[in-house]
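Peer 1: Pasting the sequence and the predicted coordinates here, then a few questions.
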2 protein chains.
Amino acid sequence: MDDLLYVQVASHVEALIAAGTLRSGDRLPSVRRFAREREVSIATVLAAYRSLEERALIETRPKSGHFVCQAAVRPVATRPQRIAALAPTRVTVSDVVSTLVRSMSDPRVVPLGAAQLAPELYPIRTLNRLLGGILREMSSAGASYEPPPGLLTLRRQLAKRSLTWGMSASEDDFLVTSGAMEALHLALRATTRPGDSIAVSTPIYFGILQLLEELGLRVVEIPSHPEHGMDLSALEQALKKLNIKACIAIPSFDNPSGALMPTAARAQLAALIERHDVPLIEDDIYGDLAWDHSRPSPVKAHDRSGLVLHVGSFSKTLAAGYRVGWIMPGRYAERVARLKFSHSVATSTLEQMAVAEYLSLGGYDRHLRKLRTRLTQQVRAFREAIAASFPVGTTVSDPRGGYLLWVTLPREVDAMQLQAAAAKRGIVFAPGPVFAAGQRYKHHLRLNCGFPWSEKIASALRTLGELAIQQASDHRRAC
Amino acid sequence: MDDLLYVQVASHVEALIAAGTLRSGDRLPSVRRFAREREVSIATVLAAYRSLEERALIETRPKSGHFVCQAAVRPVATRPQRIAALAPTRVTVSDVVSTLVRSMSDPRVVPLGAAQLAPELYPIRTLNRLLGGILREMSSAGASYEPPPGLLTLRRQLAKRSLTWGMSASEDDFLVTSGAMEALHLALRATTRPGDSIAVSTPIYFGILQLLEELGLRVVEIPSHPEHGMDLSALEQALKKLNIKACIAIPSFDNPSGALMPTAARAQLAALIERHDVPLIEDDIYGDLAWDHSRPSPVKAHDRSGLVLHVGSFSKTLAAGYRVGWIMPGRYAERVARLKFSHSVATSTLEQMAVAEYLSLGGYDRHLRKLRTRLTQQVRAFREAIAASFPVGTTVSDPRGGYLLWVTLPREVDAMQLQAAAAKRGIVFAPGPVFAAGQRYKHHLRLNCGFPWSEKIASALRTLGELAIQQASDHRRAC
């Protein structure tokens, strides 16, 4: 059986469902007939149907055949995302991203767009007080470059933190970066060349797609399970059939889907990339934000060959404007250090000192516990508001960490049109199409729940719901 | 006459001089004979001889012909650098750079390598005190991202500063970066694609060559006059004959040569790139360090078409570890902003605030006056020490700003061997070969004079001189 083929067959069926050609309750062609019509083997069709079933798109009724599932009617529920094609595509991320970026510093906008926390959720007063103390004690701090790999005291603290990740890295394993984005950039530059094909879990954070586009890389989209993340069998097929030069995934509290890759799958993933000798860039930026306080152990913890480049940051936990991130580049350490120097020479010294001091004082875990509890509450409030005011047929992700929600609207609602209408009312969110290379996720949106629940946010969500309902009914009238 | 050809002919003669085939006082072949032997026109040979004469490599003796000049015997004098070939070459910068980078944070090393100022030359106490005040007043400063184009108050101050540069930019013309290196990177990414040919003044700062290498760009080396910088007629030829996608130059106090491009040439350069519709990346990082306090007006001040991308930083004047630089990207503004976001999202907020505050208080010009005077004295002390202890035949640049010296040793001394010997004694400098794509500048070195004169530095220079003399005499014995 050609394993790539079954993914294509499944994609085809999914496209028919998405386009409304196949509707809820419709019977699918029999396996035998489908195999004949598509000129594939019965085993391939069976595998395709099984994969669609696993993702709750279709169901088997004993002795009746395969049927398209009922659309989810529960407004708050996890729904599978659509599977992506297993062929390299050129990336194109739209100008929507520019709108999102501009909105980040506009206090008039309801901040549902960029993935950011409210300033009051950071321990920023403590950090700034510590920095003030450092400035008084070491009045010439910050004068000199702190060249790669970055401040030793910070790297020592990172090495200590790695024990809480289920691993034991040394200070020499880390290189400090200006946030996770610079770390991802260095990782891609260290492992790829323009024109290379990169396996990417889909949907994925638009900043990564933008980076891939700018580096002239080709994307092989690996479908992501809404709860468990990257589909490892699809990744394996891609690694076998295509000349993949690197993989990217966000195994913990994926952006945008919120998926959390199970521990066993992490070990499998590490073994898989080792078998194929292909580096994995692991974006672990949300790893510290597990709501049940069980910090997931990164794939890097299973890495025996130095092929995993682990990327993290304090932007989601301590201070976004501090721009302190890191990379554990494994076997690419020398190249990454050289690239860091020619990209930006060094990371700002002062913030490295303040974060190192903060970590050394031991308040970070206490802060994380408080933050996670806050985020759980915030995200719950968002989900309830969506359930109350979004159109029937809406589904929403059910993450166990981070502060992002991935919403699937009824297919009559176009996320881009909705965004345009919402922007006029001072509401910004991230529309689905920016999370994939192709024109997918047209009726999806990502909401940032990083700001405390407020009447302003409640009202913005009600407005969004009304706009979506309006759009859906306009669409039905037009048909 | 083929203008490219005359440059090649001149290069050929220069190579013969460099290799010792033609020696001081030797007579060159007659123009007629040379033309016949090389199968070029008489006009070409005349042009080549004229260009060699202009650069004091050869001299015309009436009715006798052309002769190789006497080697400079004055130990402290400006000497022309060797001309570079006008053909694109792949860049390869050696591992020497890694040694330099590592030495930056090693307090045991005599810091003659990386281009850095001593911490005590920065107004770092004042900056840090201002930052301390900001942290007390705005206790949540630094919590949030400050997305491109960066902090408004800083951009306003930059716009005000631009008046002292002989131009009048607006706050919207600037985008804040993590130092000049990130700005250069953004500029190259905005204007070129891998495989493109870039015209680069030669010799040039190794960090730029490293960046070009990593971006897969090809270098067309444009010879640089030791006093006036980039040779504009050579650049014009390159623009006419080759498919040049961008140019890079350091018109003010070039790194490493110290050259200062005259005002008229700046206007010419702006007109030239406009005529050919090719962007110019202007690295103006040393622009504020004119010893006579006459801040050179950048090429950007002559830019009417938005083709000049002006790059600067406070790393050489206020604080290297603050990582605050900027770019005026001209017509590439939108693309640069997008790239900045995907490179590193944002520049650290706190340092932007502190620099903006510092500039708004008006002490910057006073600081610059003091700093320039200090640098004049330091560089003079270096030059005198070189005159006193380096081998006869050594020449050294005579800059009018910045804090770098470009030293040409007698051709028996190999800079790489000298570096290896010096490193064993805890002395680091930048050897000539890292400043060009090919294996040139073998007996050149760049010295950082950014640290106040001290017995330690005096002793290091004496040691360097002794090592060079030793090497030269070993070399002569071996021959």
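Peer 2: It's in.

Peer 1: chain center to the longest helix along chain A: distance?
Peer 2: Longest helix in chain A, counting residues (DSSP state H): helix A:364-389. How far helix A:364-389 lies from its chain's middle: 18 Å, per C-alpha atoms, centre = their mean, to the nearest Å.

Peer 1: How about that helix and chain B, touching?
Peer 2: No: Helix A:364-389 stays clear of chain B (C-beta under 8 Å from any C-beta of the partner chain), getting no nearer than 13.0 Å. Just so you know, the C-beta spots here come from the backbone N, C-alpha and C atoms, and that holds for glycine as well.

Peer 1: now for that helix, which elements pack on it?
Peer 2: strand A:395-396, strand A:404-408, helix A:455-478 (3 or more C-beta pairs under 8 Å, 6 or more residues apart in numbering or on different chains; DSSP states H and E).

Peer 1: Give me the domain ranges for chain A.
Peer 2: According to automatic domain parsing, chain A comprises the domains A:3-68, A:92-119+A:366-478, A:123-364.

Peer 1: tell me the mean pLDDT for the shortest one?
Peer 2: The predicted model assigns domain A:3-68 a mean pLDDT of 79.

Peer 1: From B:S103, how far out is the most centrally placed residue in chain A?
Peer 2: In chain A, the C-alpha nearest the mean C-alpha coordinate belongs to A:N255, at 2.1 Å (C-alpha atoms, centre = their mean). Look at A:N255 and B:S103: by C-beta to C-beta, to the nearest Å, they are 39 Å apart.

Peer 1: now A:I427
Peer 2: Taken as C-beta to C-beta, the span from A:I427 to B:S103 is 53 Å.

Peer 1: quick one: which of these two has more around it?
Peer 2: The residue with more neighbours, out of A:I427 and B:S103, is A:I427; 24 against 21, by other C-beta atoms under 10 Å in any protein chain shown.

Peer 1: what residues are up against the more buried one?
Peer 2: Residues in contact with A:I427 (C-beta atoms under 8 Å, 6 or more residues apart in numbering or on different chains) are A:V109, A:V110, A:L112, A:A460, A:T463, A:L464.

Peer 1: how about stretch A:175-184 against chain B, any contact?
Peer 2: Yes: applying C-beta under 8 Å from any C-beta, one finds that stretch A:175-184 is in contact with chain B at A:S178, A:G179, A:M181, A:E182.

Peer 1: For A:Q471, state which of these is nearest.
Peer 2: Comparing the residues of stretch A:175-184 next to chain B against A:Q471 with C-beta to C-beta places A:M181 closest, at 33.1 Å.

Peer 1: show me the contacts for the closest residue to the closest one other than its chain neighbours.
Peer 2: Closest residue to A:M181 in three dimensions, ignoring its sequence neighbours and counting by C-beta to C-beta, 6 or more residues apart in numbering or on different chains: B:V345, at 4.8 Å. By C-beta under 8 Å, 6+ apart, the residues touching B:V345 are A:G179, A:M181, A:G207, A:S315, A:R323, B:Y145, B:P147.

Peer 1: Quick one: the residues you listed as TSV, columns for secondary structure too.
Peer 2: Below are the contacts of B:V345 laid out as TSV (DSSP: H, G, I helix; E, B strand; the rest coil):
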residue	secondary structure
A:G179	helix
A:M181	helix
A:G207	helix
A:S315	coil
A:R323	coil
B:Y145	coil
B:P147	coil
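
Peer 1: Quick one: which of those residues is the most crowded by neighbours?
Peer 2: Counting by other C-beta under 10 Å, top hit in the contacts of B:V345: A:R323 with 32 neighbours.

Peer 1: follow-up on the earlier one: sort out which residues of the longest helix of chain A are buried, please.
Peer 2: When burial is assessed from 16 or more other C-beta atoms under 10 Å in any protein chain shown, helix A:364-389 yields the following buried residues: A:364, A:367-368, A:371-372, A:374-376, A:378-379, A:381-383, A:385-386, A:389.

Peer 1: picking that back up, got the residues of stretch A:175-184 next to chain B as JSON lines, with pLDDT and distance to A:V278 columns?
Peer 2: JSON lines is the format used below for these (pLDDT from 0 to 100; distance: C-beta to C-beta, whole Å):
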{"residue": "A:S178", "pLDDT": "97", "distance to A:V278": "27"}
{"residue": "A:G179", "pLDDT": "97", "distance to A:V278": "25"}
{"residue": "A:M181", "pLDDT": "97", "distance to A:V278": "22"}
{"residue": "A:E182", "pLDDT": "97", "distance to A:V278": "23"}
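
Peer 1: For A:S224, pull up the helix or strand it's in.
Peer 2: strand A:218-225 (DSSP states H and E).

Peer 1: ok, back up a step: so for chain B, which of the helices and strands packed on helix A:364-389 sits nearest?
Peer 2: Nearest to chain B, of all those, is strand A:404-408, at 15.9 Å by C-beta to the nearest C-beta.

Peer 1: helix or strand right after that closest one?
Peer 2: Following strand A:404-408 in sequence order, the next helix or strand is helix A:415-423 (DSSP H and E).

Peer 1: elements contacting that next one?
Peer 2: Counting contacts by 3+ C-beta pairs under 8 Å, 6+ apart, helix A:415-423 packs against helix A:96-103, strand A:427-431, strand A:444-448, helix A:455-478.

Peer 1: mind running it again at 6 Å?
Peer 2: strand A:427-431, helix A:455-478 (3 or more C-beta pairs under 6 Å, 6 or more residues apart in numbering or on different chains; DSSP states H and E).

Peer 1: Nearest to B:A422, out of the domains of chain A?
Peer 2: Evaluated over those, closeness to B:A422 peaks at domain A:123-364, with 19.9 Å, by C-beta to C-beta.

Peer 1: quick revisit: would you convert the contacts of A:I427 into JSON lines that also reports neighbour count, pLDDT and distance to chain B?
Peer 2: What follows is the contacts of A:I427, written out as JSON lines (neighbours: other C-beta atoms under 10 Å in any protein chain shown; pLDDT from 0 to 100; distance: C-beta to the nearest C-beta, whole Å):
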{"residue": "A:V109", "neighbour count": "19", "pLDDT": "88", "distance to chain B": "12"}
{"residue": "A:V110", "neighbour count": "22", "pLDDT": "90", "distance to chain B": "15"}
{"residue": "A:L112", "neighbour count": "24", "pLDDT": "94", "distance to chain B": "15"}
{"residue": "A:A460", "neighbour count": "23", "pLDDT": "97", "distance to chain B": "19"}
{"residue": "A:T463", "neighbour count": "17", "pLDDT": "97", "distance to chain B": "24"}
{"residue": "A:L464", "neighbour count": "27", "pLDDT": "97", "distance to chain B": "23"}
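
Peer 1: any idea which element the residue in the stretch 351-479 of chain A positioned nearest to chain B lies in?
Peer 2: Residue nearest to chain B within the stretch 351-479 of chain A: A:E351 (5.8 Å; C-beta to the nearest C-beta). Per DSSP H and E: A:E351 is located in helix A:349-360.
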